[in-house]
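Asker: Quick one: sequence plus predicted model below, questions after.
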Amino acid sequence: MNMDTDSLRWFQQVADGTTVTEVSEVEAVTQSGVSRALRRLETQVGTPLLRRSGRTLRMTHAGSVFKRHVDALLHQLDDGIAAVSQLIEPETGTVAVAFQQSLGTWLVPDLVRSFRAAHPGIGFQLTQVRDELQSAALDGGQADLEIGTRRPRDPAVRTRRVAIEPLRLAVPGDHQLASRPGIQLAEVSDEPFISLRPASALRQLADDLCEQAGFRPAVVFEGDDLSTVRGFVAAGLGVAIVPAPRAGSPESATGPVLYPEILDTGAVREICLRWPAGRRLLPAAELFRQHVITRATAGRVPALSR
């Protein structure tokens, strides 16, 4: 059975919600040409893959089953084309990196900057992911590498620790503990806390640290990101357990939030590099993986803010 890749790609696009008209405009082919290719594909498969719903085409049950395999096939094909291209031109290509938002102000820019200094022809596709343990690894398979703090057990993904990040207590600048260089969490057991949502790995770690200190934090506000948490702390609405600011990051600037050290044991979180275990990375992604590991081994990560 011979199926041309154009028909498969057009089916993929239509199944993802693109109209036949839009496909024809992008691919520079007539609408009737796209429609004939889709009907030919259905004949080859032996069953309807798409059905009309008003002015749009939607997948049948068979189409939904078929599309999963089409997605995998075209992904592998594109990887193969990219691999050959990068073998011919090893200093080209694009690395898809997923990372947690809190690492996007210091670690990820530092890694990309230092890598691009030696490999200026390699580009990056950057996406942010949450630190929730139940979230799909590697941005649902769309990323070559992931840099973050969550470390779920997943045999399909390999993990390497690249740094240990200290945690600090974020307090308003006029707080009674703001001038202290370090504190025990038990000292703020009666304070209102600002936290991330319960699904966050950092939230779970913070709750565990408080429990270890003998109390359960009274969380009065929950946010989706650390910038929101810091904003509420700056407004004097509570304290929070957050990553220590790094030199040069926006959080390190002198402002309405101060960050005394948490003296309790275990007030750190691991930052890890993750990549797929079941397939080889393309040359550009492998170069970046080696770069991250080399810098981590040498301890060359941005210093803490003083």
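Answerer: Good, I have the coordinates.
Asker: I'd say residue 237 and residue 193 touch.
Answerer: No. Counting by CB atoms under 8 Å, residue 237 stays clear of residue 193, with 9.9 Å between them. Every residue, glycine included, has its C-beta placed from N, CA and C.
Asker: Would you mind telling me which of those two has the busier surroundings?
Answerer: Neighbours per residue, other CB atoms under 10 Å: of residue 237 and residue 193, the larger number sits with residue 193, 24 against 15.
Asker: can you pull the contacts of the more buried one?
Answerer: Going by CB atoms under 8 Å, 6 or more residues apart in numbering, residue 193 touches 210, 217, 218, 219, 220, 238, 239, 240, 241.
Asker: mind showing which ranges of the chain have poor pLDDT?
Answerer: The chain contains residues with pLDDT under 70 at 1-2, 86-90, 253-254, 305-306.
Asker: By residue count, which strand of it is the longest?
Answerer: Within the chain, and with DSSP state E defining each element, the longest strand by residue count is strand 157-172.
Asker: what's the overlap in contacts for residue 237 and residue 193?
Answerer: The contact sets of residue 237 and residue 193 overlap at residue 220 (CB under 8 Å, 6+ apart).
Asker: still on that earlier bit, could you write me a ChimeraX select line covering just the buried ones among the contacts of residue 193?
Answerer: Applying 16 or more other CB atoms under 10 Å to the contacts of residue 193, the buried members can be selected in ChimeraX as follows:
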select :210,217,219,238,239,240,241
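Asker: For residue 48, which three-state class applies?
Answerer: What DSSP: H, G, I helix; E, B strand; the rest coil gives for residue 48 is coil.
Asker: Would you map the helices across the stretch 1-150 of the chain?
Answerer: Remark: helices assigned in the stretch 1-150 of the chain by DSSP state H, counting those that start in this stretch are 5-15, 20-27, 31-45, 61-88, 107-118, 138-141.
Asker: angle of the longest one against helix 31-45?
Answerer: Spelled out, it's helix 61-88. 100 degrees (axes from the mean of the first three to the mean of the last three CA atoms, to 10 degrees).
Asker: circling back: quick one, which of the helices of the stretch 1-150 of the chain is packed in tightest?
Answerer: For those, the largest average neighbour count (mean count of other CB atoms under 10 Å) is found in helix 5-15, namely a mean of 19.
Asker: Any chance you could list what contacts it?
Answerer: Contact with helix 5-15 is made by 20, 22-23, 27, 34, 37-38, 40-41, 49-50, 57, 59, 63, 67, 70-71, 73-74, 77, as judged by CB under 8 Å, 6+ apart.
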